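**Student:** Fold the following and give me the result.
(one chain, ligands or ions: 2)
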Amino acid sequence: MSERTAVVLAGGRSTRFGDEDKAVADLAGTPMIRRVVDRVAPAVDAVVVNCRPAQIPAIREALVGAAVPVTFAEDDYPDEGPMAGMATGLRTAGTEFAFVVACDMPFVEADFVDYLFERAAGHDAAVPRPDQWFETTHAVYRATAMADACEAALEAGEERIVAPLFDLDFVVVDDTEVREHGHRHTFENCNTREDFADAERRLAER
Ligand SMILES: Nc1nc2c(ncn2[C@@H]2O[C@H](COP(=O)(O)OP(=O)(O)OP(=O)(O)O)[C@@H](O)[C@H]2O)c(=O)[nH]1
Ligand SMILES: [Mg+2]
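**Tutor:** Ligands and ions are numbered 1, 2, ... in the order given. Down below sits the predicted model:
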């Protein structure tokens, strides 16, 4: 059985991006979700992609030949928000711990993901907080504990993505730890065409 899973959230509508699904949009010659999967692959044994059923063919195509096995966790209902997507993905993970990451974080760092798994051991989650915000879509969770907490929060009509955390014994990975074990660009997400252009520029400089 695999030990570490990455749950990639891709069920959103990319409204800030336009009429295309940003998950599979081209970023410097590679579909964005492929970049994310390739970058987390060294830190995990398997990937679960959460999305709507209609997205699966294009995402599957984008991930052909990925270095880790990929399975899909389909939303039963679309547009219920990232918290619902997280619950669906984490239920499918099948490992004690899973790294949850948004499909639009193409600079995610495997070494930092490793560090998050280490920090989560013995707890329910390790959640980075590089500034005032918790990076809940770039965090390691005890899969069933977080799925339960997300479902309870949804049930309670809670929309804040941090709400499920308060049911958990979670470790905060603060800015000092982020600097010591990674780089802030691991959290960078691409929402608009401008974000893509900016990311492409920096990828070309490397
Ligand atoms: N399953 C599921 N995932 C979602 C939903 N909304 C957002 N997500 C995912 O959560 C992550 C963060 O969301 P956003 O950056 O807002 O992405 P988005 O909603 O597709 O984009 P916008 O429409 O521009 O907000 C992304 O990886 C999305 O795919 C949803 O309703 N269901
Ligand atoms: Mg959104």
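**Student:** Count residues in the vicinity of A156, would you?
**Tutor:** Residues near A156, counting by other CB atoms under 10 Å, number 9. Placement of C-beta: from N, CA and C, glycine included.
**Student:** Relative to E135, how far out is the residue in the chain sticking out farthest from the centre?
**Tutor:** The C-alpha centroid of the chain is most remote from E205, which lies 25.2 Å away (CA atoms, centre = their mean). According to CB to CB, to the nearest Å, E205 and E135 sit 25 Å apart.
**Student:** Quick one: the strands in the protein, in order.
**Tutor:** 4-9, 26-27, 30-31, 46-51, 70-74, 97-102, 125-129, 138-142, 170-174 (DSSP state E).
**Student:** CA-only coordinates of the fourth one in PDB, if you can.
**Tutor:** Going back to what we said before, that points to strand 46-51. C-alpha atoms of strand 46-51 as PDB (Å, rounded to 0.1, in the frame of the first residue of the first chain):
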ATOM      1  CA  ALA A  46       0.300   8.100  -5.500                       C
ATOM      2  CA  VAL A  47      -1.800  11.000  -6.700                       C
ATOM      3  CA  VAL A  48      -5.600  11.400  -6.400                       C
ATOM      4  CA  VAL A  49      -7.100  14.200  -8.600                       C
ATOM      5  CA  ASN A  50     -10.400  15.600  -7.400                       C
ATOM      6  CA  CYS A  51     -12.500  17.100 -10.200                       C
END
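**Student:** where does the chain dip in pLDDT?
**Tutor:** 1-2 (pLDDT under 70).
**Student:** Enumerate the residues of this structure near ligand 1.
**Tutor:** 9-17, 50, 75, 79-82, 84-85, 102-104, 137, 189, 191 (CB under 6 Å from any ligand atom).
**Student:** Mean neighbour count and distance to R119 added to the strands of the chain, as JSON lines?
**Tutor:** Below are the strands of the chain laid out as JSON lines (neighbours: other CB atoms under 10 Å; distance: least, CB to CB, whole Å):
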{"stretch": "strand 4-9", "mean neighbour count": "27", "distance to R119": "13"}
{"stretch": "strand 26-27", "mean neighbour count": "18", "distance to R119": "29"}
{"stretch": "strand 30-31", "mean neighbour count": "18", "distance to R119": "30"}
{"stretch": "strand 46-51", "mean neighbour count": "26", "distance to R119": "21"}
{"stretch": "strand 70-74", "mean neighbour count": "18", "distance to R119": "25"}
{"stretch": "strand 97-102", "mean neighbour count": "27", "distance to R119": "11"}
{"stretch": "strand 125-129", "mean neighbour count": "23", "distance to R119": "4"}
{"stretch": "strand 138-142", "mean neighbour count": "27", "distance to R119": "7"}
{"stretch": "strand 170-174", "mean neighbour count": "19", "distance to R119": "5"}
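**Student:** need those in a markdown table with distance to D38, can you?
**Tutor:** As requested, these are exported to a markdown table (distance: least, CB to CB, whole Å):
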| stretch | distance to D38 |
| --- | --- |
| strand 4-9 | 11 |
| strand 26-27 | 12 |
| strand 30-31 | 8 |
| strand 46-51 | 10 |
| strand 70-74 | 11 |
| strand 97-102 | 12 |
| strand 125-129 | 21 |
| strand 138-142 | 16 |
| strand 170-174 | 23 |
